[in-house]
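K.L.:
what follows is a predicted structure for the sequence shown.
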Amino acid sequence: MECRRARLQDVESMMTLINYFADQGLMLPRSRNSLYEYLREFLVIEIDGRIVATGGLHIIWHDLAEIRALAVDEEYQGKGLGRKLVTELIEDAKKLGCPRVFTLTYQPNFFKTCGFSMIEKEEMPHKVWKECVHCVKFPNCDENAMILNLTD
């Protein structure tokens, strides 16, 4: 198992994985264009030459980052790969000096196990919503907002 930065040749596999779950209503879809545009934010887990998990850390502002597009192949769920990605993405945020990480998710129980707490979406700064106008759910977002404070 290798957890590493995503590469250009990973985009098609990442898109297939993410959009498989998006088609089931378990997460939001990602376009090929957006994955290429934000590729440097993403990590992947590769097993036997196959991308089986992915997730990204998007910087919103000087004090806030978002974990987004976290997906783990069904065959590998429950084996700690999602937690591994979240841990690595949180470490990235800490290295950057970011004090808070949030996520918008349909999987709140998973993120609770990673230390995140539920918050009201209205508590999030307006900068969080700048990409929402491109979302298929806009303006009726039904995701759960969750946050993790990285400082004491």
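P.N.:
Good, I have the coordinates.

K.L.:
could I get the full set of helices for this structure?
P.N.:
11-23, 32-37, 81-96, 108-113 (DSSP state H).

K.L.:
next, the buried residues of the first one.
P.N.:
Using 16 or more other CB atoms under 10 Å as the burial criterion, the residues of helix 11-23 that qualify are 11, 13, 14, 15, 17, 18, 19, 21, 22. Bear in mind the C-beta positions are built from the backbone N, C-alpha and C, glycine included.

K.L.:
list just the nearest of these to residue 31.
P.N.:
When the buried residues of helix 11-23 are compared for distance to residue 31 (CB to CB), residue 15 wins out at 7.8 Å.

K.L.:
and the closest one, what pLDDT?
P.N.:
Residue-level confidence at residue 15 comes out at 98, pLDDT.

K.L.:
follow-up on the earlier one: distance to residue 63 for the helices of the chain - can I get that in JSON lines?
P.N.:
Formatted as JSON lines, these follow (distance: least, CB to CB, whole Å):
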{"stretch": "helix 11-23", "distance to residue 63": "27"}
{"stretch": "helix 32-37", "distance to residue 63": "23"}
{"stretch": "helix 81-96", "distance to residue 63": "11"}
{"stretch": "helix 108-113", "distance to residue 63": "19"}
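
K.L.:
who wins for proximity to residue 5 among those helices?
P.N.:
helix 81-96 (9.9 Å).

K.L.:
OK, contacts around the residue lying closest to residue 38 once chain neighbours are set aside?
P.N.:
Distances taken as CB to CB, 6 or more residues apart in numbering place residue 56 nearest to residue 38, at 6.2 Å, with adjacent residues excluded. Contact partners of residue 56, counting by CB atoms under 8 Å, 6 or more residues apart in numbering, are 38, 41, 42, 43, 67, 68, 69, 70, 89.

K.L.:
tell me how many other residues crowd the second one.
P.N.:
Spelled out, it's residue 41. By the measure other CB atoms under 10 Å, the count of residues near residue 41 is 21.
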